[in-house]
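Peer 1: need coordinates for the following:
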Amino acid sequence: MMSAPLKYFLWILLFYSAYCCLLFIMQRKILFPVQYTGSPSGTDIKIPGLEKIWLNIKSGKTEAWYIPPSANKFSAPTPVMIFAHGNAELIDYSIDEFLPLTRQGIGILLVEYPGYGRSEGSPSQKSITEVFIKAYDLMASRKDVDSSKIVLCGRSIGGGVACALAAKRPSAALILISTFKSVKSFTIRYLVPGFLVRDPFDNLKVIKNYQKPVLIIHGKYDDMIPYSHGETLARNAVKGKLVTYNCAHNDCPPDYSIFLNDILEFLKKSEIL
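Peer 2: Sure, this is the predicted structure:
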């Protein structure tokens, strides 16, 4: 006859196994909460020179917007920044944020994630990396783009996307905003083993092997991705710089004029602008 302690242990094991299975199934809805992004609103946006591009990958068409440097002000070829947004955002939300940089001589490519906004497919590390590689290759092949001055930039989960792309394609610099060490570093919050993570985004591993300048921007009071993650990434970067803001996660950066100045200073020191 089975003892009471053994019965309790088996019940706990059963419930824990069911919990792990549920998280394994649901983790992409947590990591990529498409349901919270809202409806895309930028289809009629009018910016001089804006190009709306459709990238074809295995899971379908994915949207990207390219904003070149201000017309007639800078001679081609020019640098370009490829930006990856946060997990509950759309490319529509990043226009005003990065448009001022185009007046300083750098083009901005905003790439959507599969399954987000008007794009087909479903998001995962594999599908997102695939579309960003496609976007990178398209930019690198353009005559008006200086392929030796492609900058990769990402916020939050987008920092993982930027690092995943940096591991696959050369870049002149990397900018990480409110970015984590790896998805596996959060499994302790959920009391599950790391091997269950389907989209690990191991940013720390990429940073340790990245030889070009890295700018890491992080809020000191970040309650979603602790400030210690930014410190660890900066400490392990070969050429890393950490910029700290007095803010949390969703209000980072707290002042866009300071944020843009920090990015411009970094790009100039890195001889990209």
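
Peer 1: can you give me the strands for the stretch 51-200 of the chain?
Peer 2: Along the stretch 51-200 of the chain, counting by DSSP state E, counting those that start in this stretch, strands occupy 51-57, 60-67, 78-84, 107-111, 145-155, 173-177.

Peer 1: now do the helices in the stretch 1-150 of the chain.
Peer 2: Assigned by DSSP state H, counting those that start in this stretch, the helices in the stretch 1-150 of the chain fall at 4-31, 95-102, 125-140.

Peer 1: find the nearest non-adjacent residue to the residue most central in space within the chain, please.
Peer 2: Centroid-nearest residue in the chain, with C-alpha atoms, centre = their mean: residue 158, separated by 1.0 Å. Closest residue in space to residue 158, ignoring its immediate chain neighbours: residue 84 at 3.3 Å, by C-beta to C-beta, 6 or more residues apart in numbering. For every residue, glycine as well, the C-beta is placed using N, CA and C.

Peer 1: got a pLDDT number for the one you found?
Peer 2: Looking at residue 84, its pLDDT is 98.

Peer 1: neighbours around it, how many?
Peer 2: 29 (other C-beta atoms under 10 Å).

Peer 1: one step back: which one of the strands of the stretch 51-200 of the chain is the most hemmed in?
Peer 2: Greatest average neighbour count among the strands of the stretch 51-200 of the chain goes to strand 173-177 (a mean of 27), per mean count of other C-beta atoms under 10 Å.

Peer 1: CA atoms only for it, dumped as PDB, please.
Peer 2: Output of strand 173-177 as PDB, limited to C-alpha atoms (Å, rounded to 0.1, in the frame of the first residue of the first chain):
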ATOM      1  CA  ALA A 173      27.400  48.800 -33.900                       C
ATOM      2  CA  LEU A 174      24.700  47.400 -31.600                       C
ATOM      3  CA  ILE A 175      22.200  49.400 -29.500                       C
ATOM      4  CA  LEU A 176      20.200  47.500 -26.800                       C
ATOM      5  CA  ILE A 177      17.400  49.300 -24.900                       C
END
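
Peer 1: gap between the residue nearest to the centre of the chain and residue 191?
Peer 2: Remark: distance between residue 158 and residue 191 (C-beta to C-beta, to the nearest Å) = 27 Å.

Peer 1: then residue 154?
Peer 2: Taking C-beta to C-beta, one finds residue 154 at 28 Å from residue 191.

Peer 1: pretty sure the residue nearest to the centre of the chain is touching residue 83, no?
Peer 2: Yes: with contact defined as C-beta atoms under 8 Å, residue 158 reaches residue 83; the gap is 7.2 Å.

Peer 1: bridging residues for residue 60?
Peer 2: residue 57 (DSSP bridges).

Peer 1: actually, residue 215.
Peer 2: Beta-bridge pairing for residue 215 (DSSP bridges): residue 175, residue 241.

Peer 1: that one contacts residue 268, correct?
Peer 2: No: using C-beta under 8 Å, residue 215 makes no contact with residue 268, being 11.7 Å away.

Peer 1: all helices for the stretch 151-273 of the chain, in order.
Peer 2: 157-166, 187-190, 203-209, 227-236, 256-269.

Peer 1: residues of the third one that come out buried?
Peer 2: Using 16 or more other C-beta atoms under 10 Å as the test for burial, helix 203-209 gives 203-204, 206-207.

Peer 1: residues contacting the residue nearest to residue 204 when sequence neighbours are not counted?
Peer 2: Leaving aside its sequence neighbours, residue 204 sits nearest to residue 181 (C-beta to C-beta, 6+ apart; 4.5 Å). By C-beta atoms under 8 Å, 6 or more residues apart in numbering, residue 181 lies in contact with 203-204, 229, 232-233.

Peer 1: and the residues you listed as TSV, adding distance to residue 164 and pLDDT?
Peer 2: Listed next are the contacts of residue 181 as TSV, based on distance: C-beta to C-beta, whole Å; pLDDT from 0 to 100:
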residue	distance to residue 164	pLDDT
203	8	98
204	13	98
229	17	98
232	18	98
233	14	98
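
Peer 1: farthest pair in the residues you listed?
Peer 2: 203 and 232 (9.6 Å; C-beta to C-beta).

Peer 1: where in the stretch 1-150 of the chain is pLDDT low?
Peer 2: By pLDDT under 70, the low-scoring segments of the stretch 1-150 of the chain are 1-2, 41-44, 71-74.

Peer 1: rerun that using 90 as the cut-off
Peer 2: By pLDDT under 90, the low-scoring segments of the stretch 1-150 of the chain are 1-20, 22-26, 30, 34-49, 58-59, 70-76, 93-97.

Peer 1: no further questions, thank you.
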